[in-house]
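S.K.: Quick one, what's the 3D model for this:
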Amino acid sequence: MTDVMPQQETISLEDFRTPEQEMAELGADAAPAAELAIEDINPLNAHLFRDHRWHDYFARLRAEDPVHLNEIETAGRFWSITKYDDVKAVDGDWQNFSSAEGITLGVKIGSAIPERISNASAFIAMDPPEQTQQRKTVRGISAPSSLRNLEDQIRERTVKVLEDLPEGETFDWVDTVSIELTTILLAALFDFPFEDRRKLTRWSDIVFAIPEPGGIVESHEQRQAELIEMVQYFDRLWDERRKNPGFDLVSMLANGEATKDMPTLEHLGNLLLLIVGGNDTTRNTMSGSVYGLNKFPDQYDKLIADPGLIPKMVPEIIRWQTPLSYMRRTATQDVELGGKQILKDDQLLMWYISANRDEDMFGTTANVIDIERDNADRHLSFGYGVHFCMGSRLAELQLRILWEELLGRFERVEVVGEPERTFSSFVNGYQTLPVQVKRK
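M.R.: Residues are numbered from 1 along each chain as shown. Below is the predicted model:
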């Protein structure tokens, strides 16, 4: 690989705004959902997620306008799909609702700003048959035999991290446990230099970060420069694994028939997909499990009394947390959905975070954690159809092992302050979570 980035750096990004950035500029003082006319509700504002105020917005949309049209300057027309059955219908119909234009709300078609800024190509942003061929290249890492081989390794590293936790002192669960555990595993899956493993965390963080003063990134230029650094780093690993392949994700991409000759941007897109999928989502579910069980202490008590409930708790936590709030599709032709006329090239946001709280699917207790919920495994956090998350079993395995080791080792993990949440309407995550632990 020699073309580390396309020769388009003369395009100025200084004045470029993403749709999320445009919505964030509305500020943190967005009116409560109850005070807005239904046509004025737009759940994309990242402040709603950082302030944890999104629930009422989606409750109104589910009840009053489940296929909901918005239009903003940067993105043009886009629809919020908020009911379980509608989200599942869109996700399962790749012919009418394509992933090829990107997985997050993007700039409207025809914009002069290159899509590469926010939607580098990856097999999650493709349709069959190319998506199927590229996905097969790395599918072996999550095969049952691979998971069996990984289980002991995950448990050993989980035990080490938990044994090192300070007792009786407040520490940040996100950085000390969630990020550390997911990054250690991701480094193993990539056979990535262990001493550089936190680079994976950084790259994962900046992918969907909204530029803001003092934020994760302050400008599109900074974000682009760090992504270039990432490509250059993996470029070296790519060449090494072509010469000396192993059983790791970089080797699989570097030598797979469908991926070995990919252009750099597709190479970048698949790497980012695997990094975010293996790091960002699992770490936020790990953090969400601790926060959620503290929020519903009766469920924590029930789990302590019967650790055999862990396998039922795992899908319920993944449902309740929903680490990625939505995925985007783009209409390939005019089509009707929920009585609304979707036009060709309209963008659709499948709000998994809303579908997983749909009262028609999960009952009147959809907003609470119930570790004995009968249908928790029908959540849509992993998507549905051809893009169903291939790392789902690995994510479940990590969460199960974490709680098996926690319950055997600590009286309780106690949340001692509210979390700082991720400034994003795409990643539903935690930046910090202060906790204390008491050993048995």
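S.K.: what residue ranges in this protein score low on pLDDT?
M.R.: Low-confidence segments of the chain (pLDDT under 70): 1-16, 109-147, 263-269.
S.K.: With only the CA atoms kept, save the longest helix along it in PDB.
M.R.: Longest helix of the chain, by residue count under DSSP state H: helix 220-243. The C-alpha trace of helix 220-243 is given here as PDB (Å, rounded to 0.1, in the frame of the first residue of the first chain):
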ATOM      1  CA  HIS A 220     -12.100  18.400  11.300                       C
ATOM      2  CA  GLU A 221      -8.400  19.100  10.400                       C
ATOM      3  CA  GLN A 222      -7.300  17.500  13.700                       C
ATOM      4  CA  ARG A 223      -9.500  14.600  13.200                       C
ATOM      5  CA  GLN A 224      -8.300  14.000   9.700                       C
ATOM      6  CA  ALA A 225      -4.700  14.300  10.700                       C
ATOM      7  CA  GLU A 226      -5.100  11.600  13.400                       C
ATOM      8  CA  LEU A 227      -6.900   9.300  11.000                       C
ATOM      9  CA  ILE A 228      -4.000   9.700   8.600                       C
ATOM     10  CA  GLU A 229      -1.600   8.700  11.400                       C
ATOM     11  CA  MET A 230      -3.800   5.700  12.000                       C
ATOM     12  CA  VAL A 231      -3.700   4.600   8.400                       C
ATOM     13  CA  GLN A 232       0.100   5.000   8.300                       C
ATOM     14  CA  TYR A 233       0.400   2.900  11.400                       C
ATOM     15  CA  PHE A 234      -1.800   0.100  10.000                       C
ATOM     16  CA  ASP A 235      -0.100   0.400   6.600                       C
ATOM     17  CA  ARG A 236       3.100  -0.900   8.300                       C
ATOM     18  CA  LEU A 237       1.200  -3.700  10.000                       C
ATOM     19  CA  TRP A 238      -0.500  -4.500   6.700                       C
ATOM     20  CA  ASP A 239       2.800  -5.000   4.900                       C
ATOM     21  CA  GLU A 240       4.200  -7.100   7.800                       C
ATOM     22  CA  ARG A 241       1.200  -9.400   7.900                       C
ATOM     23  CA  ARG A 242       1.300 -10.000   4.100                       C
ATOM     24  CA  LYS A 243       4.800 -11.400   4.600                       C
END
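S.K.: and the residue most central in space within the chain, what are its bridge partners?
M.R.: Centroid-nearest residue in the chain: Leu324, 3.7 Å away (criterion: C-alpha atoms, centre = their mean). Counting by DSSP bridges, Leu324 is bridged to Val427.
S.K.: Test my guess that it contacts Val427.
M.R.: Yes - between Leu324 and Val427 there is a contact under C-beta atoms under 8 Å: 6.4 Å. (C-beta placed from N, C-alpha, C; glycine too.)
S.K.: residue boundaries of the strands in the chain?
M.R.: All strands of the chain, identified by DSSP state E, fall at 67-72, 76-81, 97-98, 171-172, 326-331, 335-337, 340-342, 347-351, 410-415, 420-421, 430-432, 434-439.
S.K.: Name every strand pairing with the second one and say which way it goes.
M.R.: So that's strand 76-81. For strand 76-81, the paired strands and their directions (DSSP bridges) read strand 67-72 (antiparallel), strand 347-351 (parallel).
S.K.: chain center to it: distance?
M.R.: Chain-centre distance of strand 76-81: 20 Å, with C-alpha atoms, centre = their mean, to the nearest Å.
S.K.: The fifth one now?
M.R.: Centroid separation for strand 326-331 versus its chain: 14 Å, with C-alpha atoms, centre = their mean.
S.K.: what lines up beside it in the sheet?
M.R.: In the sheet, strand 326-331 lines up against strand 97-98 (antiparallel), strand 347-351 (antiparallel) (DSSP bridges).
S.K.: Please work out which of those is packed deepest.
M.R.: Among those, strand 347-351 has the highest mean neighbour count (mean count of other C-beta atoms under 10 Å), at a mean of 27.
S.K.: Not counting that one itself, show me its contacts.
M.R.: Contacts to strand 347-351, defined as C-beta atoms under 8 Å, 6 or more residues apart in numbering, come from residues 43-44, 58, 75-82, 87, 90-91, 97, 101, 105-106, 325-331, 337, 342, 380.
S.K.: Kindly report the same for stretch 161-181.
M.R.: Outside of stretch 161-181, the residues that reach it under the criterion C-beta under 8 Å, 6+ apart are 157-158, 184, 201, 279, 282-284, 286-287, 290, 398, 402, 405-406, 409-410, 413, 416-417, 419, 430-439.
S.K.: Quick check: buried residues in it?
M.R.: Buried residues in stretch 161-181, counted by 16 or more other C-beta atoms under 10 Å: 161-162, 165, 171-181.
S.K.: any idea which of those is closest to Ala30?
M.R.: Comparing the buried residues of stretch 161-181 against Ala30 with C-beta to C-beta places Val174 closest, at 25.5 Å.
S.K.: Could you check how far the closest one is from Phe426?
M.R.: 18 Å (C-beta to C-beta, to the nearest Å).
S.K.: Just put the strands paired with strand 76-81 in JSON lines and tack on distance to Ile310.
M.R.: Putting the strands paired with strand 76-81 into JSON lines (distance: least, C-beta to C-beta, whole Å) gives the following:
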{"stretch": "strand 67-72", "distance to Ile310": "37"}
{"stretch": "strand 347-351", "distance to Ile310": "28"}
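S.K.: on that earlier part again, from Val207, how far out is the residue nearest to the centre of the chain?
M.R.: According to C-beta to C-beta, Leu324 and Val207 sit 12 Å apart.
S.K.: Also Thr364?
M.R.: Taken as C-beta to C-beta, the span from Thr364 to Val207 is 36 Å.
S.K.: More neighbours: the two, which one.
M.R.: In this view Thr364 and Val207 are compared by other C-beta atoms under 10 Å, and Val207 has more residues nearby, 22 against 7.
S.K.: hang on, Asp205 packs against Glu226?
M.R.: No - using C-beta under 8 Å, Asp205 makes no contact with Glu226, being 9.7 Å away.
S.K.: the more surrounded of the two?
M.R.: In this view Asp205 and Glu226 are compared by other C-beta under 10 Å, and Asp205 has more residues nearby, 22 against 17.
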